[in-house]
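**Q** What would the 3D arrangement of this be:
(2 chains)
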Protein chains: 2
Amino acid sequence: MSSQYVDLTTLKFLLYSVHDLRGVLANERYADYQQQDIDMMLNAVREFSDKELYPYFREMDEQPAHYQDGEILVHDQVLKYMRAGGEMGFLAGPFSYEHGGMQLPSMAVNASVFIQEAANNHLPGYIGLTVGAADLIVNFATEELIAAYVPKMLSGEWGGTMCLTEPQAGSSLSDIVTSATPHGDAYRLKGQKIFISAGDYRGAENIVHLVLARIEGAPKGTKGISLFVVPKNRPLANGGLTGNDVTAVADFQKMGQRGYCTTHLFFGDKDDCSGWLVGEPHQGLKYMFQMMNSARIGVGRGAAAIATAAYQASLNYARERTQGRELTSSGKKDASREQILIINHPDVRRMLLFQKVITEGSLSLILLASRYQDFAQSLPNEAEREKYRQLLEIITPVAKTYPSEMGIISVNNGVQVLGGYGFCSDYILQQYLRDIRISAIYEGTTGIQSQDLLGRKITMQNGLALRLLMEEIGKSIEACRVHSSLSPYAEKLEVKLELNRQVVQKLTGYAGEGDYQRFLSDATIFMEFFSTLLMAWIWLDIARQAQLAIVNGNTEYSSEFYESKVHAMRFYYKYELPKTTGLSEVLLNEASLTLTPEKKIFT
Amino acid sequence: MSSQYVDLTTLKFLLYSVHDLRGVLANERYADYQQQDIDMMLNAVREFSDKELYPYFREMDEQPAHYQDGEILVHDQVLKYMRAGGEMGFLAGPFSYEHGGMQLPSMAVNASVFIQEAANNHLPGYIGLTVGAADLIVNFATEELIAAYVPKMLSGEWGGTMCLTEPQAGSSLSDIVTSATPHGDAYRLKGQKIFISAGDYRGAENIVHLVLARIEGAPKGTKGISLFVVPKNRPLANGGLTGNDVTAVADFQKMGQRGYCTTHLFFGDKDDCSGWLVGEPHQGLKYMFQMMNSARIGVGRGAAAIATAAYQASLNYARERTQGRELTSSGKKDASREQILIINHPDVRRMLLFQKVITEGSLSLILLASRYQDFAQSLPNEAEREKYRQLLEIITPVAKTYPSEMGIISVNNGVQVLGGYGFCSDYILQQYLRDIRISAIYEGTTGIQSQDLLGRKITMQNGLALRLLMEEIGKSIEACRVHSSLSPYAEKLEVKLELNRQVVQKLTGYAGEGDYQRFLSDATIFMEFFSTLLMAWIWLDIARQAQLAIVNGNTEYSSEFYESKVHAMRFYYKYELPKTTGLSEVLLNEASLTLTPEKKIFT
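**A** You can find the predicted model right below:
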């Protein structure tokens, strides 16, 4: 295996040259790490992924997780991966030393998981959810709960989950009905949860569920939701475990990510399910949402990883497959010539370049969000930390959505590069296409992310986060003016920023009139507009670092490598950025067509 | 079953009100048919589809066609469907009386197959390819061959295929190497073909392959390709059959359309495979391409049908599923209220309306192409017939591509309407998404259709077809000027036609300079631009007929029905047409980025 699913050179260029990981490592929190430590870690992750992840990727699709005789059966590799992840620090990575963690920056953690997800996106979620659950415990639960659960989770012995969704309340969390009744020092939980990823599997010693539930008598809506630790097996005083009345009753069968189980759980069917309150009563959703940024960036990262693996696969195919010939100057083809590699057909190149700008741009966006996370956590000055919290808030729905939505289209292009073979099970592209589809649904659908972006993040604190973001973009534009090869693109971006100002003013105007329905009715179109624009900034920054390297005669990477990044930026500005023109036309159009009574639309 | 997969009301409105099927039936060739005959037929097709197609749709996906012990095993329903199709005239429909056909107009045939494909897209191809193969024999082969094969094919006793693709020559037909050596009154065939839909299946009495091959000593390239009838079993003088050394060696496993077999065939492995020349030597590709318009429209029709069924499924879901609440004027939700049906969320409506304009627009485009086919075949005046042949030529690549490409995105939206359930195998949306993906690849990929549109159809006879098409669009625009509710949209379309003129002038300019590579390098973008524009015309025509009905107080359909069509047109003009602005920016941009040497792009 030669790690064909990922481009480590680009990953490292983005980490160090574009997003200055060295600058992040300079903070006290990460004092134990230098570039060579991170590089060694990433190389180890790559080797591990070659051996333990990629070889099982197709198999996990062909032998999906499923329910049988009261158990969820998953591929043997799941348990091995959890244990190996404990040994290699995949679980401990992001945690502080005080909790037995490694105190790695998010940038390094996300780069590591990105490689793993590109190798096999059916496995990292088992660890990802365990990390998320442990993080909630560490941040909001008592010392006793931390001591009882976190060490076993970080060692990979126990799994973890987040239990939000219920059958009658998909995205509408205010409608959850799982109940919690006080019982001694704990609560009795009763209810059911669906779509619980990594919710249970044969051989797991224990699974620690972080469950949203309603304490008896709690207020209606989201303000009456509390968070509980509800283990599958209760720890006993003697160090043993006893069943806690949490039952997996089904595993949802899916079109993709079939090796990653998606369970239906019953809590307290026999009235013997104990749960321990995390933090204060009725504050559960607030705690959950503090973890949500990471979870959402994680979904974007996973989508970027799948789309990257698909891009690499179609690129490799296009470099090996011969078919057809170049057009001559008469507009004909000369059948007496040899056939050419399909990478030489302009239309195939266009599809590959499209995949390149989507996937490398998405990865860069994820690393930017990770940098904001790291600064928000590690900078010495609180005002500075707050600034990066704001930037993180506004960029998170984009970091979740753009890689997911555009990733689907990118993989779709990857399938097309292979022609008929792309549709065939013998080739891997079709699996990537099936796998990536869930990304636009996980952790809040695109519709919900878009409402969050426009309805909350753009407007919060009178538009503070947006202003801070525009300042960051402005700095990039200024820095590009000195490069004659970049300044025309910087100017294009500047024009688009003004367009964005007009669009935001128009839309927030509806909110000002109290017409919130209308304000948010095209939020998803706004998401597409805003993220397409933001990615033009992301690409300008990539091109700027490449151009600087060219100018400075930097030889860390080849000159072709640097030129290819500038070329990709130009491709983005020619083919992708113009979409914002049409999208702004939609957003500025005052016709309100989705608020019309149903009968006049769908008759 | 209540035909939930198709909207027959809209189908009939498009057939009669928008595309004037009655006017087509007025031609001599269709003298035996009146509206009531077509309606009866369509109702019978619907009933048949409810009983014999839709109930097997999921099963055929779960029990895919596959190769086992020298045979291709398919679902039992395949043989039943072939026989029933013979009895119901599905095979004989388009053929002339003289060949045992029913002489139905294409519009009626395509409406019938559309219903069947919406019910179960895994089955109609078995009949579709038999029709295509018989059509080639009828049009170009000798009376002897017609007599020997066509009756058994139209009765559904024998299947038929088109054998073009070979492993080393996917889309590049000039590179096929299957050989034909003269042998008595026939030829000995030798070679292999891949991706042969409906290529063989257990229980088929015979399969009649129409095979492209190269006669020994033929010129290189596409001018040396001949067409042969190569049956799986040779008919004997005594009326029996004997094996003809055609062997199915594999069945490609696919991500979708799994019930529709896709075979790998060996011809003449034991040097005992006879083929009979169709028409003249070396003219095979010309014959094949005369059938290609129908085949390509057929792919577009199938994509429109799958996307329609997916739209209906997500629409029904949105009408039954409650979740969330409306935003109040304070921008909050009132948790004490009941949850609402998700069809009331503006973002869900937007996704459903998007599906509506894509699917109904695609169907209308297919019926328009069918009308052109009918006029080209049946009008008394040769100049008129030629006009419609031209219109058919230019519209065919669009009729193949737009429903396919936009159909994929439409079904993708359908999945999103269902949220997490859309990704789950228990719901049917994921199957539609997997099934429709092949449409953009079948019968010439989108890249090839786009090169055909820009490189051939737009420019042929000095742009004659384009001028004729613009005249047709101009008539619609004129007719809309009298309706104050439509004239603003007619004016928008007019502006876009001028933009199209600029784009075509710019691109053909490259060809004029002999730079054909560049001329066609963004052909796929041009396809998207041109088809998005064309669909604005399609929708204007739909809205015009609806508006006329409203003005005239027509009560054939409800006033809500007519209003919903005008509403959908407005939606298309607000949300879809603006895409042409950005696409024209791409096409008018002179930066040539896909012709750069590979090393500077993909390093």
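
**Q** For A:Leu464, give me its contacts.
**A** By C-beta atoms under 8 Å, 6 or more residues apart in numbering or on different chains, the residues touching A:Leu464 are A:Gln390. Heads up, the C-betas are built off the backbone N, CA and C, glycines and all.

**Q** host element of it?
**A** If you go by DSSP states H and E, A:Leu464 is part of helix A:460-480.

**Q** Surely A:Met58 and A:Tyr427 touch.
**A** No, residue A:58 isn't Met; it's Arg. No - if you go by C-beta atoms under 8 Å, A:Arg58 and A:Tyr427 don't touch, sitting 10.4 Å apart.

**Q** More neighbours: those two, which one.
**A** A:Tyr427 (18 against 15; other C-beta atoms under 10 Å in any protein chain shown).

**Q** Tell me the secondary structure of that one, please.
**A** coil (DSSP: H, G, I helix; E, B strand; the rest coil).

**Q** how close does the closest residue to it other than its chain neighbours sit to A:Asn413?
**A** Nearest residue to A:Tyr427, sequence neighbours excluded (C-beta to C-beta, 6 or more residues apart in numbering or on different chains): A:Tyr421, at 4.8 Å. Distance, A:Tyr421 to A:Asn413, using C-beta to C-beta, to the nearest Å: 14 Å.

**Q** more neighbours, the two?
**A** Neighbour count, other C-beta under 10 Å: between A:Tyr421 and A:Asn413, A:Asn413 has more, with 22 against 19.

**Q** Can you report phi and psi for that one?
**A** phi -70, psi -40 (degrees, to the nearest 10).

**Q** so what's the closest residue to it other than its chain neighbours scoring on pLDDT?
**A** Using C-beta to C-beta, 6+ apart and skipping the chain neighbours, the partner closest in space to A:Asn413 is A:Met351 (4.5 Å). Per-residue pLDDT puts A:Met351 at 98.

**Q** does the closest residue to A:Leu8 other than its chain neighbours count as helix, strand or coil?
**A** Excluding its sequence neighbours, the residue lying closest to A:Leu8 (C-beta to C-beta, 6+ apart) is A:Arg46, at 6.3 Å. State at A:Arg46, reduced to three classes by three-state DSSP: helix.

**Q** same deal with A:Glu338?
**A** A:Glu338 - assigned by three-state DSSP - is coil.

**Q** roughly how far apart are it and B:Asp175?
**A** With C-beta to C-beta as the criterion, A:Glu338 and B:Asp175 are 10 Å apart.

**Q** If you count surrounding residues, which of the two has more?
**A** More neighbours surround B:Asp175 than the other of A:Glu338 and B:Asp175, with 20 against 8 (other C-beta under 10 Å).

**Q** From chain A, how far off is that one?
**A** To chain A, B:Asp175 is 6 Å away according to C-beta to the nearest C-beta, to the nearest Å.

**Q** about what we covered before: could you report the neighbour count for the residue nearest to A:Leu8?
**A** As a burial measure, A:Arg46 scores 22 neighbours (other C-beta under 10 Å).

**Q** Touching, it and A:Thr9? I think so.
**A** No - at 11.7 Å, A:Arg46 does not count as touching A:Thr9 under the criterion of C-beta under 8 Å.

**Q** what sits in contact with each of these two?
**A** Counting by C-beta under 8 Å, 6+ apart, A:Arg46 and A:Thr9 have no contacts in common.
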